[in-house]
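Chemist: task: produce atomic coordinates for the following.
(one chain, ligands or ions: 2)
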Amino acid sequence: MSNYTLLDHLDLRSKEYLAVQWIYTNRCNFSCHYCDPEVHNSSTPELALSTVLPFCGRLIKYAESIGKKVYLELTGGEVTFLPDFGEIIQSVRDAGGHLGINSNGTPGLSWWKIYAPQLDSLMLSYHHGFSELKHFEELVPYLSTLPQLKLHLSIMMEPEHFSSCLEVAEKLKKLTSGSLTLQRLVPELSGQNLNFSYTDQQLSQMTSFNKSFGSKQWLQKFKDKIGPKKPMPRGGLILSHKNGKNSKITSSDLINRDLNHFKGWTCQAGVENLVIDRFGKIYRGWCLEGGLLGDINDPDFNFGLSPITCQKDSCCCGFDLLSKKVSP
Ligand code: SF4
Ligand code: SF4
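Modeler: Ligands and ions are numbered 1, 2, ... in the order given. From the prediction side, this is the model:
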């Protein structure tokens, strides 16, 4: 990264939000081989609503105290199967927070018709071998009609099933009014040090496909749909080169193009975003840089954090990549 000086948000409204990603459950109806078993093996008891709801209130107050609004992103596992899902989203919305979820999309259309209109964003992932294309072909057009919803599709690109995954992406691209990326699999997220080898052709196919979603035409369509007041805490990025040139880039492409190394850079993880693990422990980011900050059971917290100097060789998580980083 010695040729680069800055990674920043494409949309300056991002700075108005404290983005909080919470791995709320490790139950999932899929068991993708590239996913760390700890993420989907149901080993952790569900959190009690009597703990979660007061915590959400404290979190929103904390964000207000630093002049930000909370944008909470629930992920798993698969959060759509949580028995308390409706109460959680209602409570966050009542307290003035914004809410997004990550999901593999499994519930039927009738479920989505109840809950999707209450969400600000949805990151839908497609998993070869588990996801049903027919269901996605029905679901994506419906979700695309919701004016408040920032929809993103992520196709998990298994190297051995690359052409099938690409075919799915081409079909869904025509049906979505949101964004769509081809997601490269990385060993760090498998928890098993798996090696995912892509050919040069596959790597360049992923890069050029993803680039087509950053085109001027697409950005215009996206902005028209979102409108000027839509919460946009996370999304596109700008990468600044030493020669003064700026280029738009996505977190997936930072990984695909091996541009995810920020050791020695100053990073806003903890200032712009927080993460909560499935035990309720709070950190700056999934890299765990800066160590443990607190717990959802803490009666009060005031992190008062300043940016941190990155000590990691790689920044491997899409959420972590979406915070501002400045070279030394
Ligand atoms: S759907 Fe997501 S959480 Fe579930 S096993 Fe696959 S990658 Fe893991
Ligand atoms: S690894 Fe952590 S500290 Fe380093 S750049 Fe990524 S988010 Fe920031």
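
Chemist: switch to C-alpha atoms for all contacts and neighbour counts from now on
Modeler: OK.

Chemist: get me the contact residues on this protein for ligand 2.
Modeler: Within reach of ligand 2 by Cα under 6 Å from any ligand atom, the chain has these residues: 262, 267, 269, 285, 287, 289, 310, 312, 315, 320-321.

Chemist: among those residues, which pair sits farthest apart?
Modeler: Phe262 and Gly285 (14.0 Å; Cα to Cα).

Chemist: Throw the residues of the chain next to ligand 2 into TSV and include neighbour count and secondary structure, thanks.
Modeler: Shown next, in TSV, are the residues of the chain next to ligand 2 (neighbours: other Cα atoms under 10 Å; DSSP: H, G, I helix; E, B strand; the rest coil):
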residue	neighbour count	secondary structure
Phe262	25	coil
Cys267	23	strand
Ala269	31	strand
Gly285	26	coil
Cys287	20	coil
Glu289	16	coil
Cys310	21	coil
Lys312	15	coil
Cys315	22	coil
Asp320	23	helix
Leu321	28	helix
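
Chemist: what does the stretch 51-200 of the chain put close to ligand 1?
Modeler: Checking the stretch 51-200 of the chain against ligand 1 by Cα under 6 Å from any ligand atom, the hits are 76-78, 104.

Chemist: wait, which of the residues you listed is closest to ligand 2?
Modeler: Proximity of these to ligand 2 (Cα to the nearest ligand atom) peaks at Gly76, which lies at 19.4 Å.

Chemist: so who does the closest one touch?
Modeler: Taking Cα atoms under 8 Å, 6 or more residues apart in numbering, we find Gly76 in contact with 22-28, 39-40, 102-103.

Chemist: now, those that are in strands?
Modeler: Of these, the ones assigned to strands by DSSP state E are 22-23, 102-103.

Chemist: can I get these in a markdown table with pLDDT and neighbour count?
Modeler: Below are those laid out as a markdown table (pLDDT from 0 to 100; neighbours: other Cα atoms under 10 Å):
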| residue | pLDDT | neighbour count |
| --- | --- | --- |
| Trp22 | 95 | 20 |
| Ile23 | 94 | 21 |
| Asn102 | 95 | 22 |
| Ser103 | 98 | 22 |
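
Chemist: Gly86 - that's part of a helix, no?
Modeler: Yes: assessed with DSSP: H, G, I helix; E, B strand; the rest coil, Gly86 lies in a helix.

Chemist: what's the first helix or strand after the host helix or strand of Phe319?
Modeler: For Phe319, the host element (DSSP states H and E) is helix 318-321. Using DSSP H and E, the helix or strand that follows helix 318-321 towards the C-terminus is strand 325-326.

Chemist: coming back round to it: now, which of the ones in strands among the contacts of Gly76 sits nearest Thr207?
Modeler: Using Cα to Cα, these come closest to Thr207 at Asn102, 22.7 Å.

Chemist: contacts only, for that closest one.
Modeler: Contacts of Asn102 (Cα under 8 Å, 6+ apart): 73-76, 78-79, 122-125.

Chemist: the residues you listed in helices, which ones?
Modeler: Among the contacts of Asn102, none falls in helices (DSSP state H).

Chemist: just those: which are in strands?
Modeler: Using DSSP E, the members of the contacts of Asn102 that fall within strands are 73-75, 122-125.

Chemist: would you list every one of the helices in the protein?
Modeler: 37-40, 49-65, 85-94, 109-115, 133-143, 162-173, 200-212, 216-226, 251-256, 318-321.

Chemist: quick one: low-confidence parts of the stretch 151-300 of the chain?
Modeler: 190-191, 213-233 (pLDDT under 70).

Chemist: enumerate every residue touching the residue of the stretch 101-250 of the chain found nearest ligand 2.
Modeler: Closest contact between the stretch 101-250 of the chain and ligand 2, by Cα to the nearest ligand atom, is at Glu188 (12.2 Å). Shown in contact with Glu188 (Cα under 8 Å, 6+ apart): Cys316.
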